[in-house]
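Peer 1: only the shape, not the letters, is given here:
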DNA sequence: AAGCTCTAATTGAAACGTCAACCACTCTGC
DNA sequence: GCAGAGTGGTTGACGTTTCAATTAGAGCTT
């Protein structure tokens, strides 16, 4: 593997991204203070709310919010204790579990959403030039399209 | 605060970003496996390596790697135990502490760097069209330029 | 030089995430 | 219809991060 370092310009962009994405996270998290939610929990609630019957299998949910299964189990356990979701075993596949949004969960989400959306706008959407915004979409679509490391090299 | 939701397109980009940046993190972290470092530790070593005398005040370092001071204290404590850095109190301001890269730390960094750089290339730099890459820089520069929430609104 | 306030960094406990082992169920092939 | 392999999800132990409180020194004001 011949090491090709990043050029100065590439490094600048890379570091701006590291700092900027961390800042974005921080700001969005700070904004959710008071709703009692953190960002990952908020994402869980949104995904449930948009799903038919307001419920999702644990593993579907895990993929949707890019959490490990184990982490999701812990997170949902906490959220269930807080009354935001309930778990029920899936009748057609008895290994499976549905996480379902409760009315309380919906209420909490509804209360948090406007502030969160405003924060996303202020800290990202409205801060960015429209052409650059579209490019942002292409960039991360490209990232998601990168094949895993073990792609057969035979 | 009149709630302006995101448009469908805006949402799509936003979610692509959420998923994509999480994936990027995951891939880069996976790549560092074997060097014994994780991403935040790697960033710490890089920042120290580039600084005069290979050392930095704790709070400068904390800003550079966007970690809370408390987190950095814990992280550096671990890294010191591992021999990657040493701490010495700053003679001109006796409250202050320098974190300094050791030779071992440098060696570990040097061993990890080529693989890490390759991973950054593969998963981001090389995956993205050049125009979009520049836009990425502008996007996060804009994020970093957003003023804090408490900007005087009097 | 005493008192105030501010900044630098640390501490310890509680909350959270990760990892490897695990249980329970389904599916396949014999 | 049963063994073996595979999937869905959970558990508990361990390491990391967060949060509030704390120590210690700097710097200003009187």
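Peer 2: It's in. Because the structure is a prediction, the values reported are computed rather than measured.

Peer 1: now do the contacts for residue A:62.
Peer 2: A:68, A:69, A:71, A:72 (Cβ atoms under 8 Å, 6 or more residues apart in numbering or on different chains). Any C-beta I mention is one placed from the backbone N, CA and C, and that applies to glycine too.

Peer 1: quick one: name the residues of chain A near DNA strand C.
Peer 2: Contact residues (Cβ under 7 Å from any atom of the strand) of chain A with DNA strand C: A:38, A:40, A:67, A:68, A:70, A:71, A:74, A:75, A:78, A:93, A:94, A:95.

Peer 1: how many residues are close by the fourth one?
Peer 2: Other residues within reach of residue A:68, judged by other Cβ atoms under 10 Å in any protein chain shown, total 10.

Peer 1: kindly report the same for the third one.
Peer 2: A count of nearby residues for residue A:67, using other Cβ under 10 Å, gives 19.

Peer 1: so who does it touch?
Peer 2: Contact partners of residue A:67, counting by Cβ under 8 Å, 6+ apart, are A:40, A:75.

Peer 1: skipping adjacent residues, who's closest to the closest residue to DNA strand D within chain A in space?
Peer 2: Residue nearest to DNA strand D within chain A: residue A:59 (2.8 Å; Cβ to the nearest atom of the strand). Using Cβ to Cβ, 6 or more residues apart in numbering or on different chains and skipping the chain neighbours, the partner closest in space to residue A:59 is residue A:69 (6.3 Å).

Peer 1: please point out which parts of the longest helix anywhere in chain A sit buried.
Peer 2: As assigned by DSSP state H, the longest helix anywhere in chain A is helix A:8-32. The neighbour-count check on helix A:8-32 (16 or more other Cβ atoms under 10 Å in any protein chain shown) flags A:10, A:13-17, A:19-24, A:27-28, A:31-32 as buried.

Peer 1: out of these, which is nearest to DNA strand C?
Peer 2: Using Cβ to the nearest atom of the strand, residue A:32 is the member of the buried residues of helix A:8-32 that lies nearest DNA strand C, at 12.0 Å.

Peer 1: what about the residue nearest to residue A:37 when sequence neighbours are not counted, how many neighbours?
Peer 2: Among residues not flanking residue A:37 along the chain, residue A:112 sits closest, at 5.6 Å (Cβ to Cβ, 6+ apart). Using other Cβ under 10 Å, residue A:112 is surrounded by 20 other residues.

Peer 1: are we agreed that residue A:112 is in a strand?
Peer 2: No. Residue A:112 is assigned helix when assessed by DSSP: H, G, I helix; E, B strand; the rest coil, not a strand.

Peer 1: for it, what are its contacts?
Peer 2: Counting by Cβ under 8 Å, 6+ apart, residue A:112 touches A:32, A:35, A:37, A:42, A:45.

Peer 1: how much space separates the second one from residue A:66?
Peer 2: The spacing between residue A:35 and residue A:66, counted by Cβ to Cβ, to the nearest Å, is 21 Å.

Peer 1: equivalent analysis for the first one, please.
Peer 2: Note on residue A:32: its distance to residue A:66, by Cβ to Cβ, is 18 Å.

Peer 1: repeat that for the last one.
Peer 2: In this structure, residue A:45 and residue A:66 are separated by 15 Å, where distance is defined by Cβ to Cβ.

Peer 1: ok, the two, which is more surrounded?
Peer 2: residue A:45 (24 against 18).

Peer 1: show me the contacts for the more buried one.
Peer 2: A:37, A:84, A:85, A:101, A:105, A:106, A:108, A:109, A:112.

Peer 1: and the fourth one, how far is that from residue A:84?
Peer 2: It stands for residue A:101. Noted for residue A:101: a distance of 7 Å to residue A:84, by Cβ to Cβ.

Peer 1: what's the answer for the first one, then?
Peer 2: The span separating residue A:37 from residue A:84 equals 9 Å under the rule Cβ to Cβ.

Peer 1: which one of the two is surrounded by more residues?
Peer 2: Between residue A:37 and residue A:84, residue A:84 has the larger neighbour count (other Cβ under 10 Å), namely 25 against 22.

Peer 1: give me the nearest residue to the more buried one, chain neighbours excluded.
Peer 2: Spatial nearest neighbour of residue A:84, excluding adjacent residues (Cβ to Cβ, 6+ apart): residue A:105 at 3.7 Å.

Peer 1: could you give the number of residues near that neighbour?
Peer 2: 24.

Peer 1: so it, which state does it fall into?
Peer 2: Residue A:105 ends up helix, using three-state DSSP.

Peer 1: kindly report the same for residue A:3.
Peer 2: Classification of residue A:3 by three-state DSSP places it in coil.

Peer 1: overlap of the contact sets of residue A:37 and residue A:84?
Peer 2: A:45, A:108.

Peer 1: could you find the closest non-adjacent residue to residue A:76?
Peer 2: residue A:99 is the one closest to residue A:76 (Cβ to Cβ, 6+ apart), at 5.4 Å.
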